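Asker: A predicted structure for the sequence below; I have some questions about it.
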Amino acid sequence: MIRRLSSSDFNSILQVINEAAAVYKNIIPNDRWKEPYMSVEELRKEIEAGVTFYGWMDDDVLIGVMGLQFVKDTTLIRHSYVLTDFQRRGIEGKLLKHLKGLTETPEVLVGTWQDTRWAIHFYEKHEFKLVSMKEKERLLRKYWNIPERQIETSAVLKFARDRYLKDIYYYTL
């Protein structure tokens with residue numbers, strides 16, 4: 001049901017993102033909303049920047065996407081969307097678990113809009129911790145390439161791997 005997506009899935013990825021992102025309208029700041037939410041060119045740039053998309057397939061139809069991007073010394077979860085009619089069925093959680101399993105970095109970061117409390121709650125439910133405002137700004141500037149206004153209106157959550165934390169604990173004794 002989960003598979004790595006390819007260039008032949010480009011239009012389906014774009015369709016899922018733009019259909020599912022409609023929930024942001026009137027939630028995120030008006031100056032950050034646009035239609036389509038993600039353009040063809042923006043998606044191309046994200047893929048060229050190293051975002052690898054994985055998808056949840058149902059009868060050969062793409063209904064959920066989530067991207068993985070390795071940047072410097074960390075992993076980013078990018079562009080997590082499930083078609084509206086298929087939300088709240090555990091698909092996004094299964095995609096997230098799968099992608100976390102593909103990473104080896106000590107931490108995994110995800111950015112979302114600070115006004116999307118449901119998204120923040122979802123990641124917290126999956127072992128991510130909301131970082132402080134100061135840490136958010138540092139992380140967004142270090143690992144993302146986004147405008148200053150988006151930095152102001154975003155939130156960052158961090159997942160730290162237990163095995164790395166245990167190693168750090170033992171080395172500090």
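Answerer: Right, received. Where do you want to start?
Asker: other SSEs contacting the helix or strand hosting residue 11?
Answerer: Residue 11 belongs to helix 10-20 when assigned by DSSP states H and E. Counting contacts by 3 or more C-beta pairs under 8 Å, 6 or more residues apart in numbering; DSSP states H and E, helix 10-20 packs against helix 40-48, strand 52-58, strand 61-71, strand 74-82. For every residue, glycine as well, the C-beta is placed using N, CA and C.
Asker: Can you give me the buried ones in that helix?
Answerer: Within helix 10-20, the residues scored as buried using 16 or more other C-beta atoms under 10 Å are 12, 13, 14, 15, 16, 17, 18, 19, 20.
Asker: Let me have the helices and strands packed on helix 10-20 in TSV, extended by mean pLDDT.
Answerer: As requested, the helices and strands packed on helix 10-20 are exported to TSV (pLDDT from 0 to 100):
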stretch	mean pLDDT
helix 40-48	97
strand 52-58	97
strand 61-71	97
strand 74-82	97
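Asker: okay, those in JSON lines with distance to residue 113 and mean neighbour count next?
Answerer: Output for these, formatted as JSON lines (distance: least, C-beta to C-beta, whole Å; neighbours: other C-beta atoms under 10 Å):
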{"stretch": "helix 40-48", "distance to residue 113": "16", "mean neighbour count": "14"}
{"stretch": "strand 52-58", "distance to residue 113": "20", "mean neighbour count": "19"}
{"stretch": "strand 61-71", "distance to residue 113": "16", "mean neighbour count": "21"}
{"stretch": "strand 74-82", "distance to residue 113": "12", "mean neighbour count": "22"}
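Asker: Tell me the buried residues in whatever helix or strand residue 124 lives in?
Answerer: Applying DSSP H and E as the criterion places residue 124 in helix 117-125. For helix 117-125, burial by neighbour count (16+ other C-beta under 10 Å) applies to 119, 120, 122, 123.
Asker: Also stretch 96-104?
Answerer: Those would be 96, 98, 99, 100, 103, for stretch 96-104 by 16+ other C-beta under 10 Å.
Asker: Skipping adjacent residues, who's closest to the fourth one in space?
Answerer: By that I understand residue 100. Closest residue to residue 100 apart from its sequence neighbours, by C-beta to C-beta, 6 or more residues apart in numbering: residue 108 at 6.0 Å.
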